[in-house]
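# Only the shape, not the letters, is given here:
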């Protein structure tokens, strides 16, 4: 199977980077080895494009960045290739329902991150991760809803987030893609902004078939790209449900699982 792989699509958090949101030397070397064997490398994440900036130079990224789970496909200079915004009505409905369910709500446009309270759970952590601060506003303005690319429901009550995923998935079926990107984050994006659609978009842009694209990730929102691509690899830190959907399972993100997967499952026959 590895002999047919032309491109590897990787999730970022919990997969490519470690718990400190850092690339390890072994991960950088693994991506370099892919390039030496003429295998493309691309990344997809719930992060905004700017939130992946720190990965571009060390990994010498040339392929599109699939930000917001595919809500924006951008070149490494952040110029947009494709954008899939939510409808304003859908974004507003999602925010209202998240609040009713006891989750904090964030709103991302193509250029801004809006939150209601700077001291709310995970805001400081997210700002450290994406390397830029949010805009604080007690209520999201109409123009923000009109430009919404992603709504995020946030809570450190993980079962509450899981229940919200089910309820909003049912309520917004056909209007939005609803999936957890972390145990504490629920991402709500355009129906075409999901990681399965990222695989088909990269196939179209690269000229490869979906079956020639390997995928690696750790969360439920990565399962769609497992199903759409060729060889699929789950991280060792993934849940058993996610692992069951993958062809291969590697080590944890805290033990260089990404690099080990590249070395063992993709490069070994080359």
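That came through, no problem. These numbers were taken from a predicted model, which means no experiment stands behind them.
# Next, the buried residues of stretch 5-18.
Buried residues in stretch 5-18, counted by 16 or more other Cβ atoms under 10 Å: 5-18. In short, each C-beta sits where N, CA and C put it, glycine included.
# Stretch 196-215 now?
Using 16+ other Cβ under 10 Å as the test for burial, stretch 196-215 gives 196-203, 206, 208, 210-215.
# Filter those residues down to just the ones in strands.
213-215 (DSSP state E).
# can you give me the strands in this protein?
Using DSSP E, strands in the chain cover 7-11, 40-44, 65-67, 72-74, 80-83, 104-108, 113-115, 135-136, 150-154, 177-182, 185-189, 213-217, 232-234, 248-249.
# For the residue most central in space within the chain, grab phi and psi.
For the chain, the residue nearest the mean C-alpha position is residue 45 (2.1 Å; Cα atoms, centre = their mean). Backbone torsions of residue 45, given as degrees, to the nearest 10, read phi -160, psi 160.
# what's around residue 173, how many residues?
11 (other Cβ atoms under 10 Å).
# Distance check, residue 11 against residue 36.
As judged by Cβ to Cβ, to the nearest Å, residue 11 and residue 36 stand 23 Å apart.
# Kindly report the same for residue 71.
Counting by Cβ to Cβ, the gap from residue 71 to residue 36 is 32 Å.
# So for those two, which sits in the more crowded spot?
More crowded of residue 71 and residue 36, by other Cβ under 10 Å: residue 71, with 29 against 10.
# Who are the contact partners of the more buried one?
By Cβ atoms under 8 Å, 6 or more residues apart in numbering, the contact set of residue 71 is 83-85, 149-150, 189-190, 193.
# from the residues you listed, which is closest to residue 225?
residue 193 (12.5 Å; Cβ to Cβ).
# Phi first, then psi, for that closest one.
Torsion angles, degrees, to the nearest 10, at residue 193: phi -100, psi 80.
# any idea where the helices of this structure begin and end?
Using DSSP state H, the helices found in the chain span residues 25-36, 53-59, 88-100, 123-130, 142-146, 158-171, 195-206, 223-228, 240-243, 257-261.
# Go through the ones you listed and pick out the most buried.
helix 257-261 (a mean of 25; mean count of other Cβ atoms under 10 Å).
# That helix packs against which elements?
helix 25-36 (3 or more Cβ pairs under 8 Å, 6 or more residues apart in numbering; DSSP states H and E).
# which strands and helices sit next to the helix it packs on?
strand 40-44, helix 53-59, helix 257-261.
# Same list, the ones you listed, but as JSON lines with mean pLDDT and distance to residue 220 please.
Shown next, in JSON lines, are those (pLDDT from 0 to 100; distance: least, Cβ to Cβ, whole Å):
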{"stretch": "strand 40-44", "mean pLDDT": "98", "distance to residue 220": "14"}
{"stretch": "helix 53-59", "mean pLDDT": "97", "distance to residue 220": "23"}
{"stretch": "helix 257-261", "mean pLDDT": "98", "distance to residue 220": "18"}
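# now the ones you listed in CSV, with distance to residue 25?
As requested, the helices and strands packed on helix 25-36 are exported to CSV (distance: least, Cβ to Cβ, whole Å):
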stretch, distance to residue 25
strand 40-44, 16
helix 53-59, 10
helix 257-261, 9
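# I'd like the domain boundaries of the chain, if you could list them.
The chain breaks down by automatic domain parsing into domains covering 2-83+193-266, 88-189.
# Need the distance between the two termini of the shortest one.
Start to finish, the residues bounding domain 88-189 are 12 Å apart (Cα to Cα, to the nearest Å).
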